[in-house]
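got a sequence here, can you build the structure:
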Amino acid sequence: MVRRRGVPRRCKSFDRRTDATRWARELEAEADRSGWITDTRLAEKTTVGELLARYRREVSPTKRSAYSEQARIAAMCRRDICHRTLAKLTSADVAAYRDERLIDVAPATVVRELNTFSHAIETALREWGLWLPRNPVKMVRRPSVPQGRQRRLEEGEEERLLAACDQGRTPLLKQLVVLAIETGMRRGELLGLRWEHVHLAKRVAHLPLTKNGESRDVPLSQRATATLTALSTYKQPDAELVFPMSANSVRLAFERLRTRAKMPDFHFHDLRHEAITRLFERGLSIAEVSAISGHKQLRMLQRYIHLRAIDLVGRMG
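Okay, here's the model as predicted:
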């Protein structure tokens with residue numbers, strides 16, 4: 001047992017007297033250097049899995065990405081590292097976890113997992129009374145994330161995609177694809193679009209809350225306006241959502257769609273790439289496109305700019 005005035009006493013049991021003496025000397029030396037005794041008891045009895053479970057339960061629900069983060073943490077909690085206590089967690093353990101995960105998942109997934117892991121430890125250090133000399137996750141190098149996708153619709157692919165929509169049995173999928181191409185909205189924004197926020201006379205769709213936490217107004221092209229007008233004609237009187245579909249049903253329907261269209265490498269999010277690039281091809285400025293797409297940083301917007309050289313020839317003079 002180690003006692004110092006002004007700080008809680010510390011006690012710990014050991015099988016050998018030498019181990020107990022060494023532990024006491026280390027605590028006393030730390031108290032002499034800093035004037036206080038670090039309380040490592042919580043870190044010694046809390047495992048990584050218990051930390052992540054509490055973070056998933058208390059912190060994740062406060063985020064807009066709660067569902068995806070909770071699913072990510074659930075997958076992380078199945079790994080062997082979650083049995084290790086935080087007091088014994090080292091950067092080498094985290095690096096081994098990183099290398100193990102890179103065998104099965106993409107680097108971007110590993111980066112997201114490490115960021116969640118690191119923030120969970122930081123939250124515990126600041127708010128939950130945990131003490132560690134350092135955050136071991138911050139000391140580990142993140143894997144390099146490859147350049148963003150550059151997949152665009154090639155000649156004839158849009159027609160194939162829409163024709164494949166007509167061959168399927170999922171209602172509203174064709175209209176969803178058309179609006180994604182015309183507006184550049186994310187899948188979640190389209191599925192959350194409410195009729196009360198669609199102003200057909202003004203040709204504007206209002207999004208009260210977007211991924212970056214702010215609202216924005218999306219101008220509607222003639223094609224998008226015509227599509228929404230047709231949908232409003234046949235909607236139920238009490239319908240609130242423009243697309244009453246779940247994200248998972250759209251994901252499964254789009255997987256079947258790209259198989260019918262023989263476009264296995266095409267993703268739904270590629271429609272947003274296509275839409276944003278077409279806005280630049282129409283001559284809109286960066287400020288105008290960012291207002292439509294909702295990007296705050298030019299660096300993020302540049303990931304979506306995939307102009308074809310052949311389309312720029314006419315501007316070269």
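
going forward, measure contacts between C-alpha atoms and count neighbours the same way
Will do.

for the stretch 51-200 of the chain, which spans come out with low pLDDT?
148 (pLDDT under 70).

helices of that one, residue ranges please.
Under the criterion DSSP state H, counting those that start in this stretch, helices of the stretch 51-200 of the chain are mapped to 66-76, 91-102, 107-127, 157-167, 173-183, 187-191.

report the buried residues of the last one.
So that's helix 187-191. 187, 189-191 (16 or more other C-alpha atoms under 10 Å).

okay, the helices of the stretch 51-200 of the chain in TSV with distance to V59 next?
Shown next, in TSV, are the helices of the stretch 51-200 of the chain (distance: least, C-alpha to C-alpha, whole Å):
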stretch	distance to V59
helix 66-76	9
helix 91-102	22
helix 107-127	9
helix 157-167	40
helix 173-183	32
helix 187-191	22
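
can you say which of the ones you listed is packed in most?
helix 173-183 (a mean of 21; mean count of other C-alpha atoms under 10 Å).

helices or strands next to it in the packing?
helix 157-167, helix 187-191, helix 222-234, helix 270-281 (3 or more C-alpha pairs under 8 Å, 6 or more residues apart in numbering; DSSP states H and E).

between these, which one is nearest to R17?
helix 187-191 (61.2 Å; C-alpha to C-alpha).

okay, the closest one in PDB with CA atoms only?
Below are the C-alpha coordinates for helix 187-191, written out as PDB (Å, rounded to 0.1, in the frame of the first residue of the first chain):
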ATOM      1  CA  ARG A 187     -28.300   7.800 -51.300                       C
ATOM      2  CA  GLY A 188     -29.300   8.700 -47.700                       C
ATOM      3  CA  GLU A 189     -30.300  12.200 -48.700                       C
ATOM      4  CA  LEU A 190     -32.500  10.900 -51.500                       C
ATOM      5  CA  LEU A 191     -34.100   8.300 -49.200                       C
END
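
quick one: contacts of that helix?
Under the contact criterion C-alpha atoms under 8 Å, 6 or more residues apart in numbering, helix 187-191 has outside partners 176, 180, 207, 210, 241-247, 268-269.

now the buried members of these.
The buried subset of the contacts of helix 187-191 (16+ other C-alpha under 10 Å) comprises 176, 180, 207, 210, 241-243, 245, 268-269.

report the lowest-confidence entry in those residues.
Among the buried ones among the contacts of helix 187-191, T210 has the lowest pLDDT, at 76.

give me the phi and psi for it.
phi -120, psi -180 (degrees, to the nearest 10).

distance-wise, check the spatially most central residue of the chain relative to Y55.
Nearest to the mean C-alpha position of the chain, by C-alpha atoms, centre = their mean, lies S65 at 6.4 Å. When C-alpha to C-alpha, to the nearest Å is applied, the distance between S65 and Y55 equals 14 Å.

and the buried ones among the contacts of helix 187-191, which is closest to P219?
The closest of the buried ones among the contacts of helix 187-191, once distances to P219 are taken by C-alpha to C-alpha, is L207, at 11.1 Å.

residues contacting the closest one?
By C-alpha under 8 Å, 6+ apart, L207 lies in contact with 189, 193, 197, 215-218.
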